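> Give me a 3D structure for the following:
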Amino acid sequence: MMGRVNIYEYFVEKKFSSLKKFERELKYRNKFENFLIPRILSVNQEDLVIRFEKINFPFLDKELYRFRMGDIENLFSNLPNIEGKTCEIERLKFVNRFIERLPIKMVESIIEEKGFLIHGDFRPQNIFFNGEIFGLIDFENAGYSFKEKDLAYFYMELIYFNNDLSRKFLRKIRDYGSYPRFLFYCLFYTLSSIQNPYSNKKGLESVLKEITFEMNKL
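Sure, this is the predicted structure:
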């Protein structure tokens, strides 16, 4: 048992049943500080309580109040901002669900080894093969990182173009590096590619289901 969760209007408090679980949660969350997840608002080590922002925005309530008061002109002029915040809420919910399912050993494996020179845009459209020799084009995003990052990007492209081939690729991937790190970068590319969570919801849920299944086999 984690402990107790209290939900308030603008934040969520989690009280942990032991110092070990409390420290693990902090370590775990800090690994994802660059991702869009509920921020930690305060930490109370004495009481083993962490306070997170609640996944909603006072901004949206303010705009809806304008609508109720008949301020239609200002409401419509601010629609792009409202839409952006609404999509952000959907993304927060998705990322939070996904990250909470990641095993801690997967998170810790991300920074254990040194990186390599990678292509950065390793997808089928940039790969040529004449039956004997492979060729690559478009090295604009080349850099120094983990090879699993290229492999994950390639896999994420396959999901949308050829499901059968993507499954075969997934079965073979264990032979080419850190499988936990590969799965992590699948998450990374999934999240970084979100433009409109509503239109991509089916695809995102499919990725979530497939990768979570693979995680549970680790």
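> and the end-to-end length of stretch 38-52?
6 Å (CA to CA, to the nearest Å).
> Next, the buried residues of that stretch.
Buried residues in stretch 38-52, defined by neighbour count with 16 or more other CB atoms under 10 Å: Pro38, Leu48, Val49, Ile50, Arg51, Phe52. Placement of C-beta: from N, CA and C, glycine included.
> List just the nearest of those residues to Asn163.
Comparing those against Asn163 with CB to CB places Pro38 closest, at 32.4 Å.
> tell me the secondary structure for the closest one?
Secondary structure assignment for Pro38 (DSSP: H, G, I helix; E, B strand; the rest coil): coil.
> how near is it to Lys149?
As judged by CB to CB, to the nearest Å, Pro38 and Lys149 stand 26 Å apart.
> contacting residues around the nearest residue to Tyr155 once chain neighbours are set aside?
Excluding the flanking residues, the one nearest Tyr155 by CB to CB, 6 or more residues apart in numbering is Phe169, at 5.7 Å. Neighbour list for Phe169: Phe154, Tyr155, Leu158 [criterion: CB atoms under 8 Å, 6 or more residues apart in numbering].
> Where does pLDDT dip in this structure?
Within the chain, the stretches falling below the threshold (pLDDT under 70) are 1-10, 31-37, 55-115, 177-178, 188, 190-218.
> same thing but 50
1-2, 196-199, 218 (pLDDT under 50).
> Could you list the domains of it?
As given by automatic domain parsing, the domain ranges for the chain are 3-100, 104-215.
> Surely Tyr153 and Phe122 touch.
Yes - with contact defined as CB atoms under 8 Å, Tyr153 reaches Phe122; the gap is 5.3 Å.
> Restricted to strands, list the buried residues of stretch 38-52.
Val49, Ile50, Arg51, Phe52 (DSSP state E).
> Quick check: of these, which lies closest to Tyr28?
Using CB to CB, these come closest to Tyr28 at Ile50, 10.9 Å.
> which element follows the strand or helix carrying Glu157 toward the C-terminus?
Using DSSP states H and E, Glu157 sits in helix 147-161. Next helix or strand after helix 147-161 toward the C-terminus (DSSP H and E): helix 163-172.
> packing partners for the helix or strand following that following helix?
Per DSSP H and E, the first helix or strand lying C-terminal to helix 163-172 is helix 179-192. In this structure, helix 179-192 makes packing contacts with helix 79-101, helix 104-109, helix 147-161, helix 201-215, judged by 3 or more CB pairs under 8 Å, 6 or more residues apart in numbering; DSSP states H and E.
> can we see that at 7 Å?
helix 104-109, helix 147-161, helix 201-215 (3 or more CB pairs under 7 Å, 6 or more residues apart in numbering; DSSP states H and E).
> Thanks again, I'm all set now.
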